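J.: Here's my sequence, what's the structure:
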Amino acid sequence: MRIPIVFLSLCFTLAAQQPPSREETLAAMRRAAAFFTGKVATGGGYHYYYAEDLSYGRSEHGEGPTQIEVQREATPVVGMAYLEAWHAARDPVFLEAARQAARALVAGQFCSGGWDYIIEFDPARRKNYPYRTVHDCGSAALPRRPPTTLDDNVTQAATRLLMRVDRALDFKDAAIHEAARFALESLLHAQYDNGAWPQRYAAPAERGRHPARRAGYPADWPRQWPGENYQAHYTFNDNSILDAIDTMLEAARVYGDSRYRQSAERGGAFILAAQMPDPQPAWAQQYDAEMHPAWARIFEPPSVTGGESQGVMKMLLALYRETGEKKYLDAVPRALDYLERSVLPWPERPSEAWSRFRRGEPVLARFFELRTNRPLFITKGTRVRAQGLGSKLVDGYQLSYTDESVITHYSVLIGGGGLEAIRAEYERLRGAPPAAIRRPARLSGLSPWAEYRDGPEPRPSAAKVRSILNAMDSRGAWVEPGVIGKADQLVSVFAARPMVLTINGRAIQIDENDTLELFQGPQPPRTRIIRSGAFAENLETLAAWLK
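T.: Numbers count the residues shown, from 1 in each chain. Okay, here's the model as predicted:
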(Lines give C-alpha, C1' and ligand atoms only; values in the text may rest on other atoms or scores of the structure.)
Protein backbone atom coordinates (compact mmCIF):
# COMPACT_ATOMS: atom_id res chain seq x y z
CA MET A 1 0.00 0.00 0.00
CA ARG A 2 1.37 3.43 -0.97
CA ILE A 3 1.35 6.06 1.82
CA PRO A 4 0.24 9.50 0.60
CA ILE A 5 3.05 12.09 0.39
CA VAL A 6 0.90 14.57 2.31
CA PHE A 7 0.64 12.10 5.20
CA LEU A 8 4.41 11.51 5.23
CA SER A 9 5.04 15.24 5.17
CA LEU A 10 2.69 15.70 8.13
CA CYS A 11 4.51 12.96 10.06
CA PHE A 12 7.89 14.60 9.46
CA THR A 13 6.49 17.98 10.52
CA LEU A 14 5.04 16.54 13.73
CA ALA A 15 8.32 14.74 14.49
CA ALA A 16 10.27 17.97 13.99
CA GLN A 17 7.98 19.73 16.46
CA GLN A 18 8.62 17.18 19.21
CA PRO A 19 11.07 18.23 21.95
CA PRO A 20 14.48 16.70 21.16
CA SER A 21 15.08 13.55 23.18
CA ARG A 22 18.13 13.01 25.36
CA GLU A 23 19.37 10.33 22.99
CA GLU A 24 19.04 12.56 19.91
CA THR A 25 20.73 15.49 21.62
CA LEU A 26 23.59 13.43 23.03
CA ALA A 27 24.20 11.77 19.67
CA ALA A 28 24.46 15.20 18.02
CA MET A 29 26.85 16.42 20.71
CA ARG A 30 29.08 13.39 20.19
CA ARG A 31 29.05 13.87 16.43
CA ALA A 32 29.98 17.56 16.78
CA ALA A 33 32.80 16.78 19.23
CA ALA A 34 34.12 13.98 17.01
CA PHE A 35 34.25 16.38 14.04
CA PHE A 36 35.98 19.14 15.98
CA THR A 37 38.53 16.91 17.70
CA GLY A 38 39.15 14.63 14.72
CA LYS A 39 39.02 17.02 11.76
CA VAL A 40 39.45 20.58 13.03
CA ALA A 41 41.90 20.47 15.96
CA THR A 42 45.64 20.98 15.70
CA GLY A 43 47.40 19.37 18.65
CA GLY A 44 44.10 19.56 20.55
CA GLY A 45 43.65 23.34 20.01
CA TYR A 46 41.82 25.64 17.64
CA HIS A 47 41.69 28.80 15.55
CA TYR A 48 38.85 31.35 15.56
CA TYR A 49 37.61 30.48 12.07
CA TYR A 50 37.94 27.84 9.37
CA ALA A 51 36.90 27.67 5.74
CA GLU A 52 33.97 25.31 5.23
CA ASP A 53 36.25 22.66 3.68
CA LEU A 54 38.91 23.17 6.40
CA SER A 55 41.45 24.24 3.76
CA TYR A 56 42.34 27.33 5.77
CA GLY A 57 42.07 28.43 9.38
CA ARG A 58 43.01 31.67 11.08
CA SER A 59 42.64 33.75 14.23
CA GLU A 60 43.49 37.32 15.16
CA HIS A 61 47.19 36.53 15.47
CA GLY A 62 47.78 33.10 13.97
CA GLU A 63 46.88 31.20 10.84
CA GLY A 64 47.47 27.95 9.06
CA PRO A 65 47.57 24.28 10.02
CA THR A 66 50.54 24.44 12.43
CA GLN A 67 49.22 27.14 14.77
CA ILE A 68 46.37 27.56 17.23
CA GLU A 69 45.04 30.60 19.12
CA VAL A 70 44.96 31.02 22.90
CA GLN A 71 42.58 33.99 22.85
CA ARG A 72 39.09 33.51 24.24
CA GLU A 73 37.15 32.68 21.05
CA ALA A 74 39.46 29.82 20.13
CA THR A 75 41.05 27.08 22.26
CA PRO A 76 39.80 28.23 25.70
CA VAL A 77 36.15 28.65 24.73
CA VAL A 78 36.09 25.29 22.92
CA GLY A 79 37.75 23.54 25.85
CA MET A 80 35.22 25.08 28.25
CA ALA A 81 32.37 23.87 26.04
CA TYR A 82 33.70 20.31 26.20
CA LEU A 83 33.74 20.58 29.99
CA GLU A 84 30.14 21.82 30.08
CA ALA A 85 29.17 18.88 27.86
CA TRP A 86 30.94 16.50 30.22
CA HIS A 87 29.24 17.97 33.30
CA ALA A 88 25.86 17.55 31.58
CA ALA A 89 26.32 14.09 30.07
CA ARG A 90 29.17 12.54 32.09
CA ASP A 91 30.30 11.01 28.82
CA PRO A 92 34.09 10.43 28.82
CA VAL A 93 34.22 11.51 25.16
CA PHE A 94 33.81 15.13 26.20
CA LEU A 95 36.24 14.93 29.10
CA GLU A 96 38.86 13.49 26.77
CA ALA A 97 38.24 16.32 24.30
CA ALA A 98 38.74 18.84 27.13
CA ARG A 99 41.90 17.02 28.18
CA GLN A 100 43.27 17.31 24.63
CA ALA A 101 42.59 21.07 24.62
CA ALA A 102 44.37 21.39 27.97
CA ARG A 103 47.31 19.36 26.68
CA ALA A 104 47.55 21.78 23.73
CA LEU A 105 47.98 24.59 26.25
CA VAL A 106 50.63 22.59 28.11
CA ALA A 107 52.56 22.39 24.82
CA GLY A 108 52.42 26.18 24.48
CA GLN A 109 53.24 27.26 28.04
CA PHE A 110 56.23 29.60 28.28
CA CYS A 111 59.08 29.37 30.74
CA SER A 112 57.70 32.62 32.20
CA GLY A 113 54.60 30.64 33.16
CA GLY A 114 51.91 31.91 30.79
CA TRP A 115 51.03 32.13 27.14
CA ASP A 116 51.14 34.41 24.12
CA TYR A 117 48.32 34.65 21.58
CA ILE A 118 49.39 31.67 19.48
CA ILE A 119 50.92 28.24 19.95
CA GLU A 120 53.15 26.94 17.17
CA PHE A 121 53.27 23.18 16.53
CA ASP A 122 55.75 23.09 13.64
CA PRO A 123 58.82 21.34 15.20
CA ALA A 124 61.36 23.66 13.57
CA ARG A 125 59.48 26.85 14.44
CA ARG A 126 58.81 25.75 18.02
CA LYS A 127 62.50 26.30 18.79
CA ASN A 128 61.95 30.04 18.35
CA TYR A 129 59.48 30.23 21.24
CA PRO A 130 60.33 29.93 24.96
CA TYR A 131 58.20 26.80 25.45
CA ARG A 132 58.78 24.79 28.61
CA THR A 133 58.36 21.53 26.70
CA VAL A 134 61.11 22.50 24.23
CA HIS A 135 63.79 24.38 26.14
CA ASP A 136 65.79 24.25 29.32
CA CYS A 137 64.19 27.23 31.06
CA GLY A 138 67.42 28.06 32.84
CA SER A 139 69.48 28.22 29.66
CA ALA A 140 71.11 31.48 28.58
CA ALA A 141 70.12 30.60 25.01
CA LEU A 142 66.41 30.58 25.83
CA PRO A 143 64.39 32.76 23.42
CA ARG A 144 63.22 35.79 25.42
CA ARG A 145 60.34 36.86 23.20
CA PRO A 146 57.40 36.84 23.15
CA PRO A 147 56.55 37.38 26.82
CA THR A 148 53.58 36.07 28.77
CA THR A 149 50.52 38.20 27.99
CA LEU A 150 47.54 39.02 30.18
CA ASP A 151 45.97 41.02 27.36
CA ASP A 152 42.62 39.78 26.04
CA ASN A 153 42.29 37.19 28.81
CA VAL A 154 44.96 35.00 27.22
CA THR A 155 46.95 33.62 30.16
CA GLN A 156 44.04 33.91 32.58
CA ALA A 157 41.65 31.91 30.35
CA ALA A 158 44.32 29.29 29.61
CA THR A 159 44.99 28.91 33.33
CA ARG A 160 41.26 28.60 34.07
CA LEU A 161 40.88 25.83 31.49
CA LEU A 162 43.84 23.93 32.93
CA MET A 163 42.47 24.27 36.48
CA ARG A 164 39.00 23.11 35.55
CA VAL A 165 40.23 20.15 33.51
CA ASP A 166 42.66 19.30 36.31
CA ARG A 167 39.79 19.17 38.80
CA ALA A 168 37.57 17.17 36.42
CA LEU A 169 40.38 14.62 36.04
CA ASP A 170 40.71 14.40 39.85
CA PHE A 171 44.18 15.99 39.55
CA LYS A 172 45.54 12.76 38.05
CA ASP A 173 46.99 14.10 34.78
CA ALA A 174 50.45 15.09 35.98
CA ALA A 175 51.29 17.33 33.01
CA ILE A 176 48.07 19.33 33.24
CA HIS A 177 48.25 19.60 37.03
CA GLU A 178 51.86 20.78 37.02
CA ALA A 179 51.24 23.31 34.22
CA ALA A 180 48.24 24.79 36.05
CA ARG A 181 50.16 25.21 39.30
CA PHE A 182 53.17 26.64 37.45
CA ALA A 183 50.93 29.20 35.73
CA LEU A 184 49.43 30.24 39.04
CA GLU A 185 52.85 30.57 40.64
CA SER A 186 53.97 32.81 37.77
CA LEU A 187 50.91 35.02 38.25
CA LEU A 188 51.75 35.32 41.95
CA HIS A 189 55.31 36.34 41.19
CA ALA A 190 54.33 38.74 38.38
CA GLN A 191 51.92 40.65 40.63
CA TYR A 192 53.30 44.00 41.70
CA ASP A 193 53.65 44.98 45.35
CA ASN A 194 50.65 47.30 44.98
CA GLY A 195 48.42 44.40 43.83
CA ALA A 196 48.33 45.28 40.12
CA TRP A 197 49.53 43.23 37.18
CA PRO A 198 51.27 44.43 34.02
CA GLN A 199 49.89 43.75 30.58
CA ARG A 200 52.83 41.45 29.78
CA TYR A 201 55.77 39.97 31.66
CA ALA A 202 58.78 37.74 31.04
CA ALA A 203 60.08 37.53 34.61
CA PRO A 204 58.87 38.02 38.19
CA ALA A 205 58.11 41.59 39.26
CA GLU A 206 60.92 43.48 40.98
CA ARG A 207 60.10 44.02 44.62
CA GLY A 208 60.12 47.54 46.03
CA ARG A 209 59.56 49.28 42.69
CA HIS A 210 55.75 49.44 42.76
CA PRO A 211 54.63 50.76 46.15
CA ALA A 212 50.97 51.23 46.96
CA ARG A 213 49.75 54.76 46.19
CA ARG A 214 46.49 56.34 45.15
CA ALA A 215 45.62 57.36 41.59
CA GLY A 216 45.73 61.00 40.60
CA TYR A 217 45.75 63.36 37.64
CA PRO A 218 49.06 64.30 35.98
CA ALA A 219 49.92 68.00 35.78
CA ASP A 220 49.93 67.57 31.99
CA TRP A 221 50.05 64.77 29.43
CA PRO A 222 51.20 64.48 25.77
CA ARG A 223 48.48 64.91 23.13
CA GLN A 224 50.64 63.04 20.61
CA TRP A 225 51.25 59.33 21.10
CA PRO A 226 54.80 59.05 22.55
CA GLY A 227 55.31 55.49 21.33
CA GLU A 228 56.71 54.30 24.64
CA ASN A 229 56.58 50.70 25.86
CA TYR A 230 53.41 50.34 27.91
CA GLN A 231 53.58 46.62 28.71
CA ALA A 232 54.64 47.22 32.33
CA HIS A 233 51.76 49.61 33.04
CA TYR A 234 49.09 48.65 35.57
CA THR A 235 46.47 47.46 33.08
CA PHE A 236 42.68 47.37 33.28
CA ASN A 237 42.52 47.52 29.47
CA ASP A 238 40.60 44.54 28.09
CA ASN A 239 39.89 43.63 31.75
CA SER A 240 43.39 42.20 32.21
CA ILE A 241 43.66 42.78 35.97
CA LEU A 242 40.03 41.78 36.53
CA ASP A 243 40.50 38.41 34.84
CA ALA A 244 43.71 37.87 36.83
CA ILE A 245 41.93 38.59 40.12
CA ASP A 246 39.06 36.25 39.35
CA THR A 247 41.43 33.53 38.16
CA MET A 248 43.06 33.70 41.58
CA LEU A 249 39.69 33.57 43.35
CA GLU A 250 38.81 30.43 41.41
CA ALA A 251 42.25 28.92 42.01
CA ALA A 252 41.74 29.30 45.76
CA ARG A 253 38.53 27.28 45.40
CA VAL A 254 40.08 24.57 43.21
CA TYR A 255 43.33 24.04 45.11
CA GLY A 256 42.49 25.32 48.60
CA ASP A 257 45.62 27.49 48.61
CA SER A 258 45.15 30.67 50.67
CA ARG A 259 47.93 32.47 48.76
CA TYR A 260 45.67 32.70 45.74
CA ARG A 261 42.88 34.28 47.77
CA GLN A 262 45.38 36.74 49.25
CA SER A 263 46.59 37.62 45.75
CA ALA A 264 43.03 38.33 44.63
CA GLU A 265 42.45 40.56 47.64
CA ARG A 266 45.67 42.47 46.91
CA GLY A 267 44.26 42.98 43.41
CA GLY A 268 41.06 44.29 45.00
CA ALA A 269 43.09 46.74 47.08
CA PHE A 270 44.69 48.02 43.87
CA ILE A 271 41.25 48.57 42.32
CA LEU A 272 40.26 50.72 45.28
CA ALA A 273 43.50 52.72 45.08
CA ALA A 274 43.15 53.17 41.30
CA GLN A 275 39.73 54.84 41.52
CA MET A 276 40.30 58.38 40.29
CA PRO A 277 39.47 61.31 42.59
CA ASP A 278 36.75 63.80 41.77
CA PRO A 279 35.61 65.04 39.33
CA GLN A 280 35.92 61.63 37.57
CA PRO A 281 35.75 58.90 40.22
CA ALA A 282 36.02 55.94 37.83
CA TRP A 283 39.07 54.19 36.33
CA ALA A 284 41.61 54.55 33.52
CA GLN A 285 42.55 51.82 31.08
CA GLN A 286 46.14 51.82 32.32
CA TYR A 287 48.34 53.66 34.82
CA ASP A 288 52.06 54.43 34.92
CA ALA A 289 54.28 53.94 37.96
CA GLU A 290 53.12 57.30 39.34
CA MET A 291 49.51 56.04 39.27
CA HIS A 292 48.58 58.52 36.54
CA PRO A 293 46.47 57.48 33.53
CA ALA A 294 48.91 56.79 30.69
CA TRP A 295 49.13 56.16 26.96
CA ALA A 296 49.16 52.57 25.69
CA ARG A 297 48.67 51.99 21.95
CA ILE A 298 48.31 54.88 19.51
CA PHE A 299 44.51 54.76 19.92
CA GLU A 300 44.48 54.45 23.74
CA PRO A 301 45.18 57.87 25.32
CA PRO A 302 45.39 58.79 29.01
CA SER A 303 41.78 59.18 30.06
CA VAL A 304 38.99 57.95 32.30
CA THR A 305 37.25 55.13 30.49
CA GLY A 306 33.54 54.52 30.11
CA GLY A 307 34.21 50.92 29.09
CA GLU A 308 36.61 49.21 31.46
CA SER A 309 35.14 51.21 34.38
CA GLN A 310 31.94 49.21 34.00
CA GLY A 311 33.95 46.01 34.22
CA VAL A 312 35.77 47.24 37.32
CA MET A 313 32.46 47.86 39.09
CA LYS A 314 31.30 44.33 38.23
CA MET A 315 34.55 42.97 39.67
CA LEU A 316 34.00 44.96 42.87
CA LEU A 317 30.56 43.36 43.19
CA ALA A 318 32.10 39.92 42.60
CA LEU A 319 34.76 40.59 45.25
CA TYR A 320 32.03 41.58 47.69
CA ARG A 321 30.16 38.37 46.94
CA GLU A 322 33.33 36.33 47.51
CA THR A 323 34.62 38.10 50.63
CA GLY A 324 31.72 39.97 52.23
CA GLU A 325 34.09 42.95 52.59
CA LYS A 326 31.93 46.09 52.43
CA LYS A 327 34.79 48.27 51.16
CA TYR A 328 34.32 46.76 47.70
CA LEU A 329 30.63 47.61 47.67
CA ASP A 330 31.21 51.13 48.98
CA ALA A 331 33.42 52.07 46.01
CA VAL A 332 30.65 51.48 43.45
CA PRO A 333 28.11 54.33 43.97
CA ARG A 334 30.49 57.23 43.28
CA ALA A 335 31.67 55.68 40.02
CA LEU A 336 28.16 54.70 39.02
CA ASP A 337 26.77 58.18 39.68
CA TYR A 338 29.61 59.73 37.66
CA LEU A 339 29.12 57.43 34.67
CA GLU A 340 25.36 57.95 34.66
CA ARG A 341 25.97 61.71 34.59
CA SER A 342 28.43 61.21 31.71
CA VAL A 343 25.97 59.51 29.32
CA LEU A 344 26.25 61.40 26.03
CA PRO A 345 23.30 63.28 24.52
CA TRP A 346 21.95 61.64 21.39
CA PRO A 347 23.15 63.70 18.39
CA GLU A 348 20.78 65.29 15.92
CA ARG A 349 22.73 63.77 13.03
CA PRO A 350 24.50 60.65 14.32
CA SER A 351 27.90 59.94 12.78
CA GLU A 352 29.15 56.50 11.72
CA ALA A 353 30.45 55.93 15.26
CA TRP A 354 26.84 55.89 16.53
CA SER A 355 25.57 53.42 13.93
CA ARG A 356 25.76 50.34 16.16
CA PHE A 357 23.50 51.87 18.83
CA ARG A 358 19.71 52.20 18.90
CA ARG A 359 18.33 55.71 19.27
CA GLY A 360 17.72 56.46 22.92
CA GLU A 361 20.15 53.80 24.15
CA PRO A 362 22.59 55.19 26.77
CA VAL A 363 26.04 55.71 25.22
CA LEU A 364 29.35 56.64 26.86
CA ALA A 365 32.67 57.75 25.44
CA ARG A 366 35.34 55.14 25.74
CA PHE A 367 37.77 57.94 26.57
CA PHE A 368 36.84 60.95 28.73
CA GLU A 369 39.48 63.66 28.83
CA LEU A 370 41.14 64.01 32.20
CA ARG A 371 39.50 66.62 34.42
CA THR A 372 37.34 68.21 31.65
CA ASN A 373 35.34 65.01 30.99
CA ARG A 374 35.09 65.91 27.30
CA PRO A 375 34.80 62.83 25.04
CA LEU A 376 38.04 62.06 23.20
CA PHE A 377 38.10 60.36 19.81
CA ILE A 378 40.81 58.95 17.50
CA THR A 379 40.71 59.84 13.81
CA LYS A 380 40.62 57.12 11.18
CA GLY A 381 43.83 56.14 9.38
CA THR A 382 44.91 54.17 6.31
CA ARG A 383 46.85 51.00 7.07
CA VAL A 384 48.89 48.94 4.59
CA ARG A 385 50.12 45.41 5.21
CA ALA A 386 52.45 43.57 2.88
CA GLN A 387 53.76 40.02 3.19
CA GLY A 388 57.25 40.07 4.66
CA LEU A 389 57.18 43.83 5.24
CA GLY A 390 54.84 44.10 8.20
CA SER A 391 52.21 46.76 8.80
CA LYS A 392 52.43 50.51 8.15
CA LEU A 393 50.06 53.24 9.30
CA VAL A 394 50.00 55.86 6.55
CA ASP A 395 47.99 58.66 8.19
CA GLY A 396 45.35 59.51 10.80
CA TYR A 397 45.22 58.37 14.44
CA GLN A 398 45.13 61.82 15.98
CA LEU A 399 43.19 62.93 19.06
CA SER A 400 39.94 64.70 18.26
CA TYR A 401 36.98 66.21 20.10
CA THR A 402 34.56 65.24 17.31
CA ASP A 403 33.23 61.79 16.43
CA GLU A 404 33.42 62.41 12.66
CA SER A 405 35.71 60.04 10.69
CA VAL A 406 37.00 58.10 13.69
CA ILE A 407 38.43 54.59 13.95
CA THR A 408 35.99 51.69 13.56
CA HIS A 409 38.20 48.72 14.51
CA TYR A 410 38.13 49.84 18.14
CA SER A 411 34.99 51.26 19.72
CA VAL A 412 35.36 54.92 20.66
CA LEU A 413 31.77 54.84 21.94
CA ILE A 414 30.61 52.30 24.52
CA GLY A 415 27.12 51.12 25.37
CA GLY A 416 25.89 52.34 28.74
CA GLY A 417 22.97 49.96 29.03
CA GLY A 418 24.91 47.88 31.56
CA LEU A 419 24.84 50.70 34.10
CA GLU A 420 21.23 49.91 34.97
CA ALA A 421 22.07 46.26 35.65
CA ILE A 422 25.10 47.25 37.75
CA ARG A 423 22.96 49.58 39.85
CA ALA A 424 20.28 46.90 40.29
CA GLU A 425 22.88 44.36 41.39
CA TYR A 426 24.47 46.87 43.75
CA GLU A 427 21.11 47.57 45.39
CA ARG A 428 20.36 43.84 45.65
CA LEU A 429 23.70 43.05 47.26
CA ARG A 430 23.50 46.01 49.61
CA GLY A 431 20.27 44.68 51.09
CA ALA A 432 21.17 40.99 51.25
CA PRO A 433 23.11 39.08 53.93
CA PRO A 434 26.61 38.09 52.68
CA ALA A 435 25.91 34.39 53.15
CA ALA A 436 23.01 34.58 50.68
CA ILE A 437 24.94 36.16 47.81
CA ARG A 438 27.91 33.85 47.32
CA ARG A 439 28.65 32.94 43.74
CA PRO A 440 27.90 29.38 42.56
CA ALA A 441 30.28 26.70 43.80
CA ARG A 442 31.26 25.81 40.22
CA LEU A 443 32.12 28.84 38.11
CA SER A 444 31.71 28.73 34.33
CA GLY A 445 32.67 30.91 31.41
CA LEU A 446 35.93 32.71 30.73
CA SER A 447 35.09 35.78 32.85
CA PRO A 448 32.70 34.68 35.63
CA TRP A 449 33.09 38.04 37.39
CA ALA A 450 31.15 39.67 34.54
CA GLU A 451 28.02 37.58 35.24
CA TYR A 452 25.39 38.01 37.95
CA ARG A 453 23.85 34.57 37.58
CA ASP A 454 22.78 32.78 40.75
CA GLY A 455 21.84 29.14 40.56
CA PRO A 456 21.57 27.05 37.39
CA GLU A 457 21.28 28.63 33.96
CA PRO A 458 17.75 28.67 32.48
CA ARG A 459 17.06 25.70 30.25
CA PRO A 460 17.04 26.60 26.53
CA SER A 461 13.80 26.25 24.64
CA ALA A 462 13.00 23.11 22.68
CA ALA A 463 12.67 25.24 19.53
CA LYS A 464 16.20 26.62 19.93
CA VAL A 465 17.66 23.17 20.51
CA ARG A 466 15.77 21.82 17.51
CA SER A 467 17.10 24.62 15.31
CA ILE A 468 20.68 23.82 16.39
CA LEU A 469 20.21 20.13 15.63
CA ASN A 470 18.70 20.90 12.23
CA ALA A 471 21.55 23.28 11.34
CA MET A 472 24.24 20.63 11.82
CA ASP A 473 25.57 19.12 8.58
CA SER A 474 26.32 15.45 7.98
CA ARG A 475 29.89 15.83 9.28
CA GLY A 476 28.77 17.27 12.61
CA ALA A 477 29.69 20.85 11.64
CA TRP A 478 27.80 24.11 11.95
CA VAL A 479 28.54 26.21 8.87
CA GLU A 480 27.56 29.86 8.36
CA PRO A 481 28.08 32.58 5.74
CA GLY A 482 31.36 34.44 6.06
CA VAL A 483 34.71 35.20 4.46
CA ILE A 484 38.01 34.85 6.32
CA GLY A 485 40.40 35.13 3.38
CA LYS A 486 42.86 32.40 2.54
CA ALA A 487 46.53 31.57 2.79
CA ASP A 488 49.21 33.62 1.01
CA GLN A 489 47.81 37.10 1.44
CA LEU A 490 50.27 39.47 -0.27
CA VAL A 491 48.78 42.89 0.47
CA SER A 492 46.00 44.32 2.63
CA VAL A 493 44.92 47.98 2.62
CA PHE A 494 42.28 49.48 4.90
CA ALA A 495 40.83 52.63 3.28
CA ALA A 496 40.21 55.41 5.79
CA ARG A 497 38.66 57.51 3.01
CA PRO A 498 37.51 56.94 -0.61
CA MET A 499 40.27 55.73 -2.92
CA VAL A 500 40.72 54.51 -6.48
CA LEU A 501 42.38 51.23 -7.46
CA THR A 502 43.55 50.76 -11.04
CA ILE A 503 44.22 47.44 -12.76
CA ASN A 504 45.86 47.91 -16.18
CA GLY A 505 44.43 51.41 -16.27
CA ARG A 506 40.89 50.32 -15.36
CA ALA A 507 39.69 52.28 -12.32
CA ILE A 508 37.82 50.62 -9.44
CA GLN A 509 36.28 52.76 -6.71
CA ILE A 510 37.28 51.85 -3.13
CA ASP A 511 34.87 53.24 -0.54
CA GLU A 512 35.70 54.44 2.96
CA ASN A 513 36.08 51.48 5.37
CA ASP A 514 36.68 49.03 2.52
CA THR A 515 39.56 46.59 2.89
CA LEU A 516 41.43 45.64 -0.27
CA GLU A 517 43.20 42.26 -0.14
CA LEU A 518 45.46 40.60 -2.71
CA PHE A 519 46.05 36.83 -2.55
CA GLN A 520 48.30 34.53 -4.52
CA GLY A 521 46.65 31.95 -6.75
CA PRO A 522 43.40 32.09 -8.74
CA GLN A 523 41.14 30.41 -6.17
CA PRO A 524 38.87 33.00 -4.46
CA PRO A 525 38.35 32.82 -0.68
CA ARG A 526 35.53 30.59 0.51
CA THR A 527 32.27 32.28 1.42
CA ARG A 528 31.12 29.86 4.13
CA ILE A 529 32.97 29.29 7.38
CA ILE A 530 33.07 27.29 10.61
CA ARG A 531 33.44 29.37 13.78
CA SER A 532 34.86 27.95 17.01
CA GLY A 533 32.75 30.38 19.02
CA ALA A 534 29.56 29.12 17.36
CA PHE A 535 30.59 25.49 17.95
CA ALA A 536 31.15 26.23 21.65
CA GLU A 537 27.87 28.11 22.03
CA ASN A 538 25.87 25.37 20.32
CA LEU A 539 27.52 22.58 22.30
CA GLU A 540 26.88 24.39 25.58
CA THR A 541 23.25 25.01 24.62
CA LEU A 542 22.76 21.30 23.90
CA ALA A 543 24.47 20.49 27.21
CA ALA A 544 22.10 22.84 29.03
CA TRP A 545 19.17 21.03 27.40
CA LEU A 546 20.49 17.70 28.70
CA LYS A 547 20.65 19.08 32.23
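J.: where are the low-confidence patches of the stretch 401-547 of the chain?
T.: Low-confidence regions of the stretch 401-547 of the chain, defined here as pLDDT under 70, cover residues 455.
J.: what about the helices in the stretch 201-350 of the chain?
T.: Remark: helices of the stretch 201-350 of the chain, listed N- to C-terminal, are 240-255, 258-274, 308-323, 326-330, 332-341; assignment by DSSP state H, counting those that start in this stretch.
J.: Turn the ones you listed into TSV, columns for mean neighbour count and distance to Asp116.
T.: Yep, even glycine has a C-beta here, placed from its N, CA and C like the rest. Listed next are the helices of the stretch 201-350 of the chain as TSV, based on neighbours: other C-beta atoms under 10 Å; distance: least, C-beta to C-beta, whole Å:
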stretch	mean neighbour count	distance to Asp116
helix 240-255	25	14
helix 258-274	20	22
helix 308-323	24	22
helix 326-330	16	32
helix 332-341	18	33
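J.: Looking at those helices, which is nearest to Leu95?
T.: Leu95 lies closest, by C-beta to C-beta, to one member of these: helix 240-255, at 16.3 Å.
J.: So which elements touch the closest one?
T.: Using 3 or more C-beta pairs under 8 Å, 6 or more residues apart in numbering; DSSP states H and E as the contact criterion, the secondary-structure elements in contact with helix 240-255 are helix 154-168, helix 174-190, helix 258-274, helix 308-323.
J.: Gly381 is nearest to which of those helices?
T.: Judged by C-beta to C-beta, the one of those that comes nearest to Gly381 is helix 308-323, at 23.2 Å.
J.: what about that closest one, distance to the chain center?
T.: Relative to the centre of its chain, helix 308-323 is centred 17 Å away, using C-alpha atoms, centre = their mean, to the nearest Å.
J.: for stretch 50-62, same thing?
T.: For stretch 50-62, the gap between its own C-alpha mean and the chain's C-alpha mean amounts to 19 Å (C-alpha atoms, centre = their mean).
J.: Tell me the buried residues in it?
T.: Using 16 or more other C-beta atoms under 10 Å as the test for burial, stretch 50-62 gives 50-52, 56-59, 61-62.
J.: follow-up on the earlier one: how about a markdown table for the helices and strands packed on helix 240-255, with distance to Thr25 and mean pLDDT added?
T.: Putting the helices and strands packed on helix 240-255 into a markdown table (distance: least, C-beta to C-beta, whole Å; pLDDT from 0 to 100) gives the following:
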| stretch | distance to Thr25 | mean pLDDT |
| --- | --- | --- |
| helix 154-168 | 21 | 98 |
| helix 174-190 | 28 | 98 |
| helix 258-274 | 37 | 98 |
| helix 308-323 | 32 | 97 |
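J.: Generate JSON lines for those helices, with distance to Ser474 as supplementary columns.
T.: Output for those, formatted as JSON lines (distance: least, C-beta to C-beta, whole Å):
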{"stretch": "helix 154-168", "distance to Ser474": "30"}
{"stretch": "helix 174-190", "distance to Ser474": "34"}
{"stretch": "helix 258-274", "distance to Ser474": "46"}
{"stretch": "helix 308-323", "distance to Ser474": "42"}
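J.: Quick check: which of the ones you listed is nearest to Ala215?
T.: Each of those was checked against Ala215 via C-beta to C-beta, and the shortest separation belongs to helix 258-274, namely 4.8 Å.
J.: list the helices and strands the closest one packs on?
T.: With contacts taken as 3+ C-beta pairs under 8 Å, 6+ apart, helix 258-274 sits against helix 174-190, helix 240-255, helix 308-323, helix 326-330.
J.: Go through the helices and strands packed on helix 240-255 and name the closest to Val493.
T.: Closest approach to Val493 among these (C-beta to C-beta): helix 154-168, 28.4 Å.
J.: Tell me how this structure divides into domains.
T.: When the chain is parsed with automatic domain parsing, its domains come out as 1-190+478-486+525-547, 489-519.
J.: picking that back up, so which of the helices and strands packed on helix 258-274 gets nearest Ser400?
T.: Nearest to Ser400, of all those, is helix 308-323, at 20.8 Å by C-beta to C-beta.
J.: Please find the angle between the direction vectors of that closest one and helix 258-274.
T.: Counting by axes from the mean of the first three to the mean of the last three C-alpha atoms, to 10 degrees, helix 308-323 points 140 degrees away from the direction of helix 258-274.
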